[in-house]
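Chemist: Sequence below, structure please.
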Amino acid sequence: MPILPDRVNLDHLRKQAKALLRALRDGEAEAIARFRRALPAAAGLSPEALAALRLHDAQSCLARDHGFASWAELKSHAEAQGDGGARQRLWLERVYAGDVTGSTNPARPAVAARMLAETPDLAAGDPWLACAIGDVAALRRATEADPAWVNRPGGPLRLPPLVAVTHSSLLRLPDFHERLRDSARLLLAAGADPNQRIGNRFPPASLTVPDAAQPLSALYGAAGSQRDAAMTRLLLAAGADPDDGESLYHALENPDCTRLLLAHGARIPGTNAIYRALDLADATPLELLLAAGGNAREPARNPPLSDYGSPLLWAIRRRRSPRHVAALLAAGADPRDRTPSGISAWRLAMQFGLAEVAALLAEQGAAESLTEEEAFLAACASADEAAARAIAARRPDLPAALSAQQLRLLPDLAAEGADAAVRLMVGMGWPIAVPGGDWNASALNLAVFRGDAALARFLLAHGAHWTERHGHGDDVRGTLSWASVNEPVAGGDWPGCAQALRDHGLPQGRRDPAAPGMVVIEGRGRVFSEDVAEVLLGDSD
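Modeler: You can find the predicted model right below:
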């Protein structure tokens, strides 16, 4: 692994990445071997495919060579090499998420740990910073000197000590597991309130003006943010309130945390947890909620959920598995449910290409007959090209003759990552910019939101355009901005989406001199993740 100098020069690293890319395109064996070694996606590529890689790929290769997971982490590390308070502040923005720091950046625990290893005194002299790293000895000294401090907010982020411990993203790293858990034990034993909380600081709120209407508890840090079952158990055993308004909803991605919260009496009504569980591919959280008394017929209160009306219909809309649907049916969901617009659960399952789910509903007497238009939708959603083209041969007016509601199937499927179906539908002549999904967005917006670079590139090649707007009042640039910062889908390739947009006409961006964190494209500045900004800026940065 190449050794980074003590002071990282980001401009020098950018030049190194460009030189590495030139060497790759010139066919130099060392560069080819370096890409194949550092980038898993490059391991099996032909020389021709390797030569088509872009600058962001070279930056990622360089970052991995230096032990970072991405260029964003390497750049974050370089930017955090300021002195004194500035470096400490940047370090804290790597330890904690934006809802704690007041920034829009996600926590980057690996970068935070590396910074700490290089500058061990980052947290020295401040017991609240000691909470962030699990320095038990420092916490013990602070408690002996002033027992009341365990319930007093402080430090640069004005955090109560237990909140500072449980919201630390270092809890995700094995080297910090026991340190942070031991810190929580010490604080609780010394009288720390297990229900310590702060107001949400995520913009437009801030560190100085937090949103008190969205309290974030110590339990939420353990169960909902870091999803650490052992820390969650500690807090609940100490009397933390499981009904804090956030923990159950956000803990569903770790069934162990979900079990603990439910075992300690977490209430399900009013949390929207049933619907949140239907956003997850794993059916276990849904099964846990239903076994604990969750309502399989819980009414949906707000759009887009209320456009479907029940958990069963939302499960079908989200293209969930037969296991999800079977759990709902066993818990009392009505197999003859209909959406507010009158579409039955069985027809909806067919429309979304869920033949196995439709079969489950048919077993309970819910089957119906399909019109030819509905059969066409079902064939497209199932990516059954032969069936779709056979129907189109009889009905050359399809898909043009479909209703506006039926045409929404293209963006609806793009929102669920049904790439094969989307590609078939585009090939069948579907209007490519038709809005749909949960926020009235085009298929391109929804592909970019998911970080699906391959689908975004396909759509752009077939006529989609970055100016397509969505229901939140912005276009694909805004979608890329929000998604690249918030990473709503695990493993999304937002730099790849940015490169696809650049390759299909998105103008090059420039830094805003008045706000260096902003990238301006056609007169409007937005915040993007570091690696996406690098792609949008190209050689201008």
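
Chemist: Spatially, what comes nearest to the residue in the chain sticking out farthest from the centre if we skip its sequence neighbours?
Modeler: Computed with C-alpha atoms, centre = their mean, the residue of the chain farthest from its C-alpha average is residue 394, at 42.8 Å. With C-beta to C-beta, 6 or more residues apart in numbering as the criterion, residue 394 has its nearest non-adjacent residue at 7.4 Å, and that residue is residue 372. For the C-beta atoms, the positions are set from N, CA and C on the backbone; glycine is no exception.

Chemist: Tell me the spacing between that neighbour and residue 297.
Modeler: Distance check for residue 372 against residue 297: by C-beta to C-beta, to the nearest Å, it reads 33 Å.

Chemist: who's more crowded, those two?
Modeler: residue 297 (15 against 12; other C-beta atoms under 10 Å).

Chemist: can you pull the contacts of that one?
Modeler: Residue 297 is in contact with 310-311, 332-334, counting by C-beta atoms under 8 Å, 6 or more residues apart in numbering.

Chemist: got it, and residue 411?
Modeler: Residues counted as contacts of residue 411 (C-beta under 8 Å, 6+ apart) are 434-437, 441-443, 445-446.

Chemist: What strand or helix carries it?
Modeler: Element membership for residue 411, per DSSP states H and E: helix 409-415.

Chemist: Burial check on the nearest residue to residue 332 once chain neighbours are set aside, number of neighbours?
Modeler: Excluding the flanking residues, the one nearest residue 332 by C-beta to C-beta, 6+ apart is residue 296, at 4.8 Å. When neighbours are defined as other C-beta under 10 Å, residue 296 has 20 of them.

Chemist: do residue 235 as well
Modeler: Neighbour tally, residue 235, other C-beta under 10 Å: 28.

Chemist: That one and residue 192, how far apart?
Modeler: 10 Å.

Chemist: Lowest mean pLDDT among the helices and strands, pick that one out for the chain.
Modeler: helix 71-79 (a mean of 70; mean pLDDT, DSSP states H and E).

Chemist: Grab the most central residue of this protein for me.
Modeler: With distances taken as C-alpha atoms, centre = their mean, the residue of the chain nearest its centroid is residue 488 (2.1 Å).

Chemist: Please parse this structure into its domains.
Modeler: Here the domain parsing of the chain from automatic domain parsing is 10-67, 78-246+253-263, 273-363, 372-540.

Chemist: nearest spatial neighbour of residue 385, skipping sequence neighbours?
Modeler: Spatial nearest neighbour of residue 385, chain neighbours left out: residue 424 (5.5 Å); criterion: C-beta to C-beta, 6+ apart.

Chemist: Then residue 382?
Modeler: residue 353 (3.9 Å).

Chemist: My guess is the one you found contacts residue 376. True?
Modeler: No: Residue 353 sits out of contact with residue 376 when judged by C-beta atoms under 8 Å, with a separation of 11.9 Å.

Chemist: May I have the secondary structure class of residue 142?
Modeler: Recorded secondary structure, residue 142: helix (DSSP: H, G, I helix; E, B strand; the rest coil).

Chemist: Could you measure from it over to residue 127?
Modeler: Taking C-beta to C-beta, one finds residue 142 at 4 Å from residue 127.

Chemist: Spell out which residues sit in contact with residue 274, please.
Modeler: Residue 274 makes contact with 268, 286, 289-290, 294-296, 298, 311, according to C-beta under 8 Å, 6+ apart.

Chemist: Which element, helix or strand, includes it?
Modeler: Per DSSP H and E: helix 273-277 holds residue 274.

Chemist: where's that helix relative to the chain centroid, distance-wise?
Modeler: 16 Å (C-alpha atoms, centre = their mean, to the nearest Å).

Chemist: and the next element down the chain from it?
Modeler: helix 284-291.

Chemist: Can you point out the buried residues in that following helix?
Modeler: By neighbour count with 16 or more other C-beta atoms under 10 Å, helix 284-291 contains the buried residues 284-290.

Chemist: And that helix, how far out from the chain middle?
Modeler: 22 Å.

Chemist: ranges for the strands of the stretch 101-250 of the chain?
Modeler: If DSSP state E, counting those that start in this stretch is used as the criterion, the strands of the stretch 101-250 of the chain fall at 197-200, 211-217.

Chemist: now the ones you listed in CSV, with mean neighbour count and distance to residue 239?
Modeler: Shown next, in CSV, are the strands of the stretch 101-250 of the chain (neighbours: other C-beta atoms under 10 Å; distance: least, C-beta to C-beta, whole Å):
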stretch, mean neighbour count, distance to residue 239
strand 197-200, 20, 14
strand 211-217, 17, 12
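
Chemist: Same list, those strands, but as TSV with distance to residue 405 and mean pLDDT please.
Modeler: Shown next, in TSV, are those (distance: least, C-beta to C-beta, whole Å; pLDDT from 0 to 100):
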stretch	distance to residue 405	mean pLDDT
strand 197-200	36	97
strand 211-217	35	95
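
Chemist: Now distance to residue 137 too, for these, in TSV please.
Modeler: Listed next are these as TSV, based on distance: least, C-beta to C-beta, whole Å:
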stretch	distance to residue 137
strand 197-200	25
strand 211-217	26
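
Chemist: And these: which comes nearest residue 173?
Modeler: Nearest to residue 173, of all these, is strand 211-217, at 21.1 Å by C-beta to C-beta.

Chemist: So what touches that closest one?
Modeler: With contact meaning C-beta under 8 Å, 6+ apart, strand 211-217 is reached by 99-100, 163, 167, 195-202, 205, 225, 240-241, 244-247.

Chemist: returning to that earlier point: the residue nearest to residue 385 and residue 381 touch, don't they?
Modeler: No: the pair residue 424 and residue 381 fails to qualify as a contact (C-beta under 8 Å) at a distance of 9.1 Å.

Chemist: so residue 172 touches residue 225, yeah?
Modeler: No: using C-beta under 8 Å, residue 172 makes no contact with residue 225, being 9.7 Å away.

Chemist: Compare the two (neighbour count), which wins?
Modeler: residue 225 (25 against 17).

Chemist: Find me whatever residue is spatially closest to that one, sequence neighbours aside.
Modeler: residue 167 (5.9 Å).

Chemist: In this structure the one you found contacts residue 98, no?
Modeler: No: using C-beta under 8 Å, residue 167 and residue 98 do not qualify as a contacting pair, with a distance of 11.4 Å.

Chemist: okay, the two: which has more neighbours?
Modeler: Counted by other C-beta under 10 Å, residue 167 and residue 98 do not tie: residue 167 has more neighbours, with 29 against 19.

Chemist: shouldn't residue 489 be in contact with residue 448?
Modeler: No: the pair residue 489 and residue 448 fails to qualify as a contact (C-beta under 8 Å) at a distance of 10.7 Å.

Chemist: quick one: low-confidence parts of the protein?
Modeler: For the chain, the stretches flagged by pLDDT under 70 are 1-8, 76-85, 539-541.

Chemist: how about a cut-off of 50?
Modeler: Along the chain, segments meeting pLDDT under 50 span 1, 84, 541.

Chemist: so how far is the helix holding residue 411 off the chain centroid?
Modeler: Distance, stretch centre to chain centre, for helix 409-415: 19 Å (C-alpha atoms, centre = their mean).

Chemist: Okay, buried residues for it please.
Modeler: 409-415.

Chemist: repeat for stretch 416-436
Modeler: 416, 418-419, 421-426, 428, 430, 432-436.

Chemist: And for stretch 340-359?
Modeler: Buried residues in stretch 340-359, counting neighbours by 16+ other C-beta under 10 Å, are found at 343-354, 357-358.

Chemist: same question, stretch 128-147
Modeler: Residues of stretch 128-147 classed as buried: 128-136, 138-139, 142-143 (neighbour count, 16+ other C-beta under 10 Å).

Chemist: now do stretch 322-332
Modeler: Those would be 322, 324-329, 331, for stretch 322-332 by 16+ other C-beta under 10 Å.
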